[in-house]
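**Student:** Sequence first, then the predicted structure:
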Amino acid sequence: MKYAVRALVQAFVHCRLDYCNSLLTGAADVYFKHLQSVQNAAARLVSGARRHDHISPVLTKLHWLPVHKRVMFKTVVLVWKCLNGIGPSYLSELCVPVASASGRQQPRWAY
């Protein structure tokens with residue numbers, strides 16, 4: 001039963017938390033508050049933790065990153081894939097290392 005609840009939460013909650021999360025990259029923490037409370041409620045449902053228990057150890061035990069770290073991780077993995085040629089082609093052509101960007105000038109102090 002516990003595995004079924006976890007599978008349902010991952011299928012219905014985490015997919016919604018991950019939906020368009022690249023748009024949240026660099027956003028203020030206030031925008032993550034509601035999403036984090038949804039994830040906390042899902043973690044309590046899966047683990048059986050009470051409402052007043054600390055949630056960080058529960059998230060760690062479930063191997064779930066907090067929402068703002070989850071967004072950062074997904075974005076970093078996508079950029080890494082693009083730089084290594086295994087990401088979507090429409091994004092890979094936009095991901096260019098700064099050192100190889102054309103038209104980039106050396107800073108004055110580098111002369």
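**Tutor:** That came in fine, so what should we check first?
**Student:** Identify the residues contacting the top helix by length along the chain?
**Tutor:** Determined from DSSP state H, the single longest helix within the chain is helix 67-83. Identification of contacts with helix 67-83 by C-beta atoms under 8 Å, 6 or more residues apart in numbering yields 17-18, 21-22, 24-25, 29, 32, 35-36, 39, 64-65, 87-88, 91-92, 94-95, 97. Every residue, glycine included, has its C-beta placed from N, CA and C.
**Student:** Which ChimeraX command selects the buried ones in the residues you listed?
**Tutor:** Those of those that count as buried under 16 or more other C-beta atoms under 10 Å are selected in ChimeraX with:
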select :17,21,24,32,35,36,39,64,87,92
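**Student:** Kindly export the longest helix of the chain (C-alpha atoms) in PDB.
**Tutor:** Output of helix 67-83 as PDB, limited to C-alpha atoms (Å, rounded to 0.1, in the frame of the first residue of the first chain):
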ATOM      1  CA  VAL A  67      11.300  22.500  -4.700                       C
ATOM      2  CA  HIS A  68      13.800  25.300  -5.300                       C
ATOM      3  CA  LYS A  69      16.700  22.800  -5.400                       C
ATOM      4  CA  ARG A  70      14.700  20.500  -7.600                       C
ATOM      5  CA  VAL A  71      14.200  23.400 -10.100                       C
ATOM      6  CA  MET A  72      17.900  24.200 -10.100                       C
ATOM      7  CA  PHE A  73      18.900  20.500 -10.500                       C
ATOM      8  CA  LYS A  74      16.600  20.000 -13.500                       C
ATOM      9  CA  THR A  75      17.800  23.200 -15.100                       C
ATOM     10  CA  VAL A  76      21.500  22.300 -14.600                       C
ATOM     11  CA  VAL A  77      21.000  18.800 -16.000                       C
ATOM     12  CA  LEU A  78      19.200  20.200 -19.100                       C
ATOM     13  CA  VAL A  79      22.100  22.600 -19.700                       C
ATOM     14  CA  TRP A  80      24.700  19.900 -19.200                       C
ATOM     15  CA  LYS A  81      22.800  17.700 -21.700                       C
ATOM     16  CA  CYS A  82      22.800  20.600 -24.200                       C
ATOM     17  CA  LEU A  83      26.500  21.300 -23.800                       C
END
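**Student:** Perfect, that will be all.
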